[in-house]
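Q: need a structure here:
(chains A and B, ligands or ions: 2)
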There are 2 protein chains.
Amino acid sequence: MRIFITSLLLLVSPTIILANDQLIPVSEKTKKTAALLRDSALKNNSAYEILSSLTTEVGARHPGTPGEKNGIDWGVRTFKKLGFDKVWTEDVQMNGWVRVSETAEVMAPYYQKLVISALGRSSSTPEGGLKGDIVEFETYADLDKAAQGSLQGKIAFISNRMERKIDGAGYGPANIARTKGYMAAAKAGASALLIRSIGTDDHRNPHTGGTNIFKGVTSIPVAALSNPDADQLERLFALGHTPKVKLNIKTKDLGPIVTKNVIGEITGREKPNEIVVIGGHLDSWDLGTGAVDDGAGVAITMAAANFIKNTVKERPRRTIRVILWGAEELGLIGARAYAKARQEDGTLKDHIIGSESDFGAGPVYGLKSSEHVAPKAIHVIDTMAGLMGPLGVTRRSGGTMGGPDMIPLHALGIPSVGLMQNGEDYFDLHHTPDDTLDKVDPKMMRQNMAVWTVFAYIAAEWPGTFK
Amino acid sequence: MRIFITSLLLLVSPTIILANDQLIPVSEKTKKTAALLRDSALKNNSAYEILSSLTTEVGARHPGTPGEKNGIDWGVRTFKKLGFDKVWTEDVQMNGWVRVSETAEVMAPYYQKLVISALGRSSSTPEGGLKGDIVEFETYADLDKAAQGSLQGKIAFISNRMERKIDGAGYGPANIARTKGYMAAAKAGASALLIRSIGTDDHRNPHTGGTNIFKGVTSIPVAALSNPDADQLERLFALGHTPKVKLNIKTKDLGPIVTKNVIGEITGREKPNEIVVIGGHLDSWDLGTGAVDDGAGVAITMAAANFIKNTVKERPRRTIRVILWGAEELGLIGARAYAKARQEDGTLKDHIIGSESDFGAGPVYGLKSSEHVAPKAIHVIDTMAGLMGPLGVTRRSGGTMGGPDMIPLHALGIPSVGLMQNGEDYFDLHHTPDDTLDKVDPKMMRQNMAVWTVFAYIAAEWPGTFK
Ligand SMILES: [Zn+2]
Ligand SMILES: [Zn+2]
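A: Ligands and ions are numbered 1, 2, ... in the order given. Next up is the predicted model:
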């Protein structure tokens, strides 16, 4: 029996068998305070209130638009209003891109309007639009096999539909159509690419999203059809027709623009230079109001740090830095700039551990740690998971990069945790006009805030290091 | 005990106590055939297939658009392909109205785009749009109390939200904001009216719909906000702000146009002049593809009549006339013209009984009869209900007009039945871009078709009269 228990523990926590004197324990006081924070956070509505303010008073926050500027002002104003110890912004250079307008119509065999959304960095169609027969491919891989020049004058269409999974595992396999599809279509000579929206819903709301930039590949017009509109094209094919479609897409490259990371800190009482990073991305797609992507992450992490500040007597040992990253949706632009700047100013080493909340407002159910968390610190992550247990969170194995905007820091060896959220409904809303506050359950925001409070507090208070 | 049973029966079927020799029974053979039709219809997919054809090969069918013309051609072609005995169209004069474009933006205190849809017969805003402070009213009745001229330069906003009910009972009380609101707003001097969409969903899809025409009332720009956008305005008010909104609405009065009722008949073997009317309306709002409103009704009734023709050896005694009414959404225009023409040509008296399917594709759960069904014929309706029992249908008391397009015939004394459908989800989709085929369950189409087969067959075969 005893052996059985030991081997079970080994699966989750190999470090538990290290000699005790090598481990710096999480003190009883810290655990007690974390439990208190957790329980009182569950009664605190501030994360939802912050999210309500962001979506109501700002809305969509796409780089290069007035909404983004309003969002940045809101971030600074809100951090200050909450009484964060330090608040600042950091400029980030980027190339801006905005949507102007887009229409799509089936011209033959039967006239129908289609609902589409241009994807990030799509080029415009020629003045007056373009027409072409649709050539259907089930997946990106199928399109990628099309011979060079074989789609001359045609519009390629990738019809794959993402599967609904709790952890969003259906996203990656389908989403390559969005990120790389235009390159394969351009290579085959297609005049444009349409994809079925990368989303799990059946509403007439297309899912926009970024495309990857590849050097030397000419951009073409590329847009997502709503799921019902993709069904419509598929039904025409099933009837033996080759639909002819007219596309009229106008977009605008803004050239060099400046976005910002907005940062607020709760300064550590003992090790102010040592930093625990939490946050979300402040930018959002232009179609919705950025409630679940990623107003929720912004609000949860701002509220968690603020709640720690307001609830415990002293500042935690280390600094808790809440970063509202800029221009995530166009390629982690703010996050890459942040990591690069820390390499240059020598403070990268002071980043002790971090995590981003960027998977909506569903409840957290799992805690993972990255491979950069040292064996001697794994027991701290286990302790966090134990304290999150009453919130429905269990310790999970498998890797994490700590969220999209943590990827650049993760690549530089910074430890991170992944707070896994139930994302079953996330891809109903993700990157659509439907990403609005009414989709968010205040109770789930409280659960998230309680989880993040436990993580941030223990990470900042535990005297050991995670590296 | 016996007395108790008798009085119960009295509630539903007062005629049961008439002397038996006054009643013409439904023959055992007719009942048996109806049961056979019912059971085999449950295995027949033709209603769904007809609906798939209509939404895929036509789509939106708004009066005055190419889609309407395509729909009319489809109706004639489909009746003929199915082998109906007679197929024709009847011209109907009307005034056309179409949407051109519409945008709405909150200009102050915070910039946000709003998603709206102009309502039927809305006028255009002045070139370049109009701006005004929003004045909120909870209901039409509240707006109607506003003093003359009190809303000069303002945009009125009715915020009531319809309740979700199985029978759509939440629609009427809220919908007066849509049909009459603009008149109250104009009377008070408002430059435009916004209403919260009359719908039960929370998607970023506004619900359009008609407005009533009142002589001497000048039309103003009038549009519906999606529910999340109406929430946004309400949150601004809750924060103590008066939102200033810019509207840019372009619509076009087409002047006199011709729409058509499309009619197909299964001619009666014994009383060909006597008519049982079934059908749905062929027109649909421009935003969706008219799947649940009212492609479903069109498909269910066409399929039911066709299934009777193909399944029973002889034609039923009377004619089954399937009417695809035109321009229902702009005020029962086709239905009024149909009834007027029958008054004029003297065939009104030959309309024995009728019903329209126009409440989506949810299952039928109840059968009502109108007050024009004579006491001596009530037992036939009861028999129909009994035969529909295995399909989940029960006999219901209370009045009916037999569906929207039956209203003009009902007003002229023609008997009708109401086949009550579960409409809990209907107002999630009604008049939105989301009204597409994927929302329809083929199994529910089979249930509907089975129900309509029982009604139409017995109504056409029973030798007695319903009047
Ligand atoms: Zn995101
Ligand atoms: Zn209808």
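Q: quick one: low-confidence ranges for chain A?
A: A:1-21 (pLDDT under 70).
Q: Could I get the contacting residues of the most centrally placed residue in it?
A: Nearest residue to the geometric centre of chain A (CA atoms, centre = their mean): residue A:358, 3.8 Å. The contact partners of residue A:358, taken as CB atoms under 8 Å, 6 or more residues apart in numbering or on different chains, are A:280-281, A:293-294, A:297, A:328, A:403-405. For glycine as for every other residue, the C-beta is placed from the backbone atoms N, C-alpha and C.
Q: Out of those residues, list just those in strands.
A: A:280-281 (DSSP state E).
Q: Just put the contacts of residue A:358 in TSV and tack on neighbour count and distance to chain B.
A: Formatted as TSV, those follow (neighbours: other CB atoms under 10 Å in any protein chain shown; distance: CB to the nearest CB, whole Å):
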residue	neighbour count	distance to chain B
A:280	27	20
A:281	30	20
A:293	25	14
A:294	32	18
A:297	32	20
A:328	27	21
A:403	27	26
A:404	20	24
A:405	33	25
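Q: Next one: residue A:350 from residue B:217, what distance?
A: Taking CB to CB, to the nearest Å as the measure, residue A:350 falls 70 Å from residue B:217.
Q: now residue A:366: how far from chain B?
A: Distance, residue A:366 to chain B, by CB to the nearest CB, to the nearest Å: 28 Å.
Q: can you count the residues close to that residue?
A: Residue A:366 has 21 neighbours, counted by other CB atoms under 10 Å in any protein chain shown.
Q: Contact partners for residue A:128?
A: By CB under 8 Å, 6+ apart, the contact set of residue A:128 is residue A:248.
Q: Let's verify it: helix, strand, or coil?
A: Using DSSP: H, G, I helix; E, B strand; the rest coil, the structure places residue A:128 in coil.
Q: Pop out the phi and psi values for it.
A: Dihedral pair for residue A:128: phi 90, psi -10, per degrees, to the nearest 10.
Q: Equivalent analysis for residue A:28, please.
A: Here is the backbone geometry of residue A:28 (degrees, to the nearest 10): phi -60, psi -40.
Q: Look up the closest residue to residue A:94, ignoring the ones flanking it.
A: Leaving aside its sequence neighbours, residue A:94 sits nearest to residue A:333 (CB to CB, 6 or more residues apart in numbering or on different chains; 4.8 Å).
Q: Assess the claim that the one you found and residue A:259 are in contact.
A: Yes - using CB atoms under 8 Å as the test, residue A:333 is close enough to residue A:259 to be in contact (6.6 Å).
Q: separation between residue A:391 and residue A:421?
A: From residue A:391 across to residue A:421, the span is 12 Å (CB to CB).
Q: Look at those two and report which has more neighbours.
A: When residue A:391 and residue A:421 are compared for neighbours, residue A:421 comes out ahead with 27 against 19, by other CB under 10 Å.
Q: Does the nearest residue to residue A:442 once chain neighbours are set aside lie in a helix or a strand, and which?
A: What sits nearest to residue A:442 in space, not counting adjacent residues and going by CB to CB, 6+ apart, is residue A:48, at 4.2 Å. Assigned by DSSP states H and E, residue A:48 belongs to helix A:46-57.
Q: So what touches stretch A:47-60?
A: Looking at what lies outside stretch A:47-60 - CB under 8 Å, 6+ apart - the contacts are A:67, A:70-71, A:74, A:78, A:284-291, A:295-296, A:298-300, A:302-304, A:361, A:436-437, A:440, A:442, A:445-446, A:448-449, B:109-113, B:232, B:235-236, B:239.
Q: now do stretch A:267-275
A: In contact with stretch A:267-275 (CB under 8 Å, 6+ apart) are residues A:85-86, A:314-321, A:347, A:350-352, A:354, A:460.
Q: ok, now with 6 Å
A: A:85, A:314-315, A:317-319, A:321, A:350-352 (CB atoms under 6 Å, 6 or more residues apart in numbering or on different chains).
Q: quick one: which of those is nearest residue A:376?
A: residue A:352 (13.5 Å; CB to CB).
Q: Next, report how far the helix or strand harbouring the closest one is displaced from the centre of its chain.
A: Assigned by DSSP H and E, residue A:352 belongs to strand A:351-356. Relative to its chain's centre, strand A:351-356 lies at 15 Å (CA atoms, centre = their mean, to the nearest Å).
Q: can you tell if that strand touches ligand 1?
A: No - Strand A:351-356 stays clear of ligand 1 (CB under 5 Å from the ion), getting no nearer than 8.8 Å.
Q: same question, stretch A:157-177
A: No - applying CB under 5 Å from the ion, one finds stretch A:157-177 out of contact with ligand 1, separated by at least 11.1 Å.
Q: before we move on, the earlier item: next secondary structure after the strand holding residue A:352?
A: Heading C-terminal from strand A:351-356 (DSSP H and E), you reach strand A:364-369.
Q: Strand A:351-356 and that following strand, what's the angle between them?
A: Angle of strand A:364-369 versus strand A:351-356, following axes from the mean of the first three to the mean of the last three CA atoms, to 10 degrees, is 150 degrees.
Q: helices or strands next to the next helix or strand after strand A:364-369 in the packing?
A: Next along the chain after strand A:364-369, taking DSSP H and E as the criterion, comes helix A:378-388. Contacts defined by 3 or more CB pairs under 6 Å, 6 or more residues apart in numbering or on different chains; DSSP states H and E place helix A:378-388 against helix A:442-461.
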